[in-house]
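Undergrad: Model the structure of this input:
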Amino acid sequence: MYCVSGTVGTGNIAGFTSTYGSWVSLFTAVSMCCFAFSTIIGWGLYGSRCIEFIFGSKSVRPFLVIYSFVSIVGAAIDLGLLWDIADTFNGFMVVPNLIALFLLSGKLVETVKNHYL
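TA: Residues are numbered from 1 along each chain as shown. Sure, this is the predicted structure:
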């Protein structure tokens with residue numbers, strides 16, 4: 001398979017480096033590290049606020065300890081296993097959303113009838 005630049009590969013960084021030079025690989029690595037770090041911080045904050053709302057402020061510190069431990073373990077385990085775990089938990093997010101859709105379906109029908117019919 002050929003990239004736009006004519007470099008043989010599967011669409012990896014080789015196409016960028018042949019077009020823009022070798023500095024692109026360093027720039028991409030630094031950018032990905034910054035994005036990953038800010039994502040970890042953002043998810044931790046979002047999760048701690050959700051835990052605080054659901055269980056109260058005393059549960060935030062245990063959550064952050066568990067979150068820190070899971071982040072370290074996640075960085076050390078096999079990437080395939082990590083993606084499988086992430087896919088599983090993303091699939092679990094369907095359950096509360098489907099329950100909410102079911103519970104709010106009557107309100108949706110009422111709102112559509114009042115505003116659009």
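
Undergrad: what secondary structure does Thr88 sit in?
TA: helix (DSSP: H, G, I helix; E, B strand; the rest coil).

Undergrad: after the helix or strand harbouring Ile41, next one along is what?
TA: Here Ile41 sits within helix 23-55, counting by DSSP states H and E. Note on helix 23-55: by DSSP H and E, the next helix or strand toward the C-terminus is helix 60-76.

Undergrad: got the contact list for that next one?
TA: The contact list for helix 60-76, computed with C-beta atoms under 8 Å, 6 or more residues apart in numbering, reads Ile40, Gly44, Gly47, Ser48, Ile51, Glu52, Leu82. Yep, even glycine has a C-beta here, placed from its N, CA and C like the rest.

Undergrad: coming back round to it: now the helix holding Ile41 and helix 60-76, what's the angle there?
TA: 150 degrees (axes from the mean of the first three to the mean of the last three C-alpha atoms, to 10 degrees).

Undergrad: Phi and psi next, for Ile77.
TA: Main-chain dihedrals, Ile77, degrees, to the nearest 10: phi -90, psi 170.
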